[in-house]
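sharing a model that was predicted from the sequence below.
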Amino acid sequence: MTAAFFAATLVEPLAPGHYRSRYEAAWYQGRGAYGGVVAGQVMRALEHHLNDAKRPVRSLTVHFCSPAVEGVADVHTRLERAGKLVTHATARVESGGVVVAVATATFGAARGGAPGYLDFVMPEVPAPETLTPVPDDVPMPDFCRFFEYRYCVGSPPYSGAAEAEVGGWLRPRDPTVLDASLCVGLMDAYPPSVLSHVDGFRAAATVDFTVQFFQTFPLTRLAPDTQYLRTGRSRQAAEGYTEESQLLWAQDGTLLAQCRQLVAVLG
């Protein structure tokens, strides 16, 4: 059986640089599919167009221009420049004559002799097996039913906490091999951290995000049912917008990726 997230982010090649995808209402967050599905489809199309396993994705930036409403979409990709080690690519997503998203990505081969270090430290949190998953009857966006959540970082949404911080353990309900598309999807699966700071319901939506990948995907050494720790923290909000920094860790302590988001806080 095809894993749900993989099926939701499949793209069909129609011609060089042209792909067809589809958004389903089951993956909605508000008025359209959540950003992880939109960006996941873009990631698959760009990787297919590049078709070079020696140049894994290093960064992906997506600007979300309009809701990804149910129906078909066209993903247009372009390789802007391929250098000796780095390829820059762009993508444009359209549905019903409306621009849904525009994106840029950087793919890069490994560079020999470069320095290596890691100053990030995985936070100390309870093991996932000691935590109870969020029950199915808790009100959450539609797409959340495809993931298992175990909150353990920061505070719940709408709790009026002093700090805007949200996160915890996370995994697809269907065991799924971690590839770059799923990595992006996991990054965007928790609610924006600003919602933990507000007291009472407020809607929010991602305007854009940039994901930087720290591993070469797919990571087949990780079990398809492994747990991932996604942390998120916002330190500034003004005029209806807030920034957010996120990290994604494997259960064994491997740092997978980081993300910076611009989030609109709606009225």
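Thanks, I have the structure now.

can you give me phi and psi for the residue lying closest to residue 189 once chain neighbours are set aside?
The shortest distance from residue 189 to any non-neighbouring residue, by Cβ to Cβ, 6 or more residues apart in numbering, is to residue 147 (5.4 Å). Any C-beta I mention is one placed from the backbone N, CA and C, and that applies to glycine too. The phi and psi values for residue 147, taken as degrees, to the nearest 10, are phi -120, psi 160.

now do the helices in the stretch 1-150 of the chain.
Using DSSP state H, counting those that start in this stretch, the helices of the stretch 1-150 of the chain run over residues 4-8, 35-50.

most tightly packed of those?
Highest mean neighbour count among the helices of the stretch 1-150 of the chain (mean count of other Cβ atoms under 10 Å): helix 35-50, with a mean of 26.

phi first, then psi, for the one residue sitting closest to the centre of the chain.
For the chain, residue 184 is the residue whose C-alpha lies nearest the centre (Cα atoms, centre = their mean; 2.7 Å). When read as degrees, to the nearest 10, the backbone of residue 184 gives phi -60, psi -40.

who touches it in this structure?
Going by Cβ atoms under 8 Å, 6 or more residues apart in numbering, residue 184 touches 36, 39, 40, 43, 60, 211.

now, which of those sits nearest residue 97?
Nearest to residue 97 among the contacts of residue 184, counting by Cβ to Cβ, is residue 39 at 21.2 Å.

distance of that closest one from residue 75?
Noted for residue 39: a distance of 11 Å to residue 75, by Cβ to Cβ, to the nearest Å.

low-confidence regions, the protein specifically.
1-2, 267 (pLDDT under 70).
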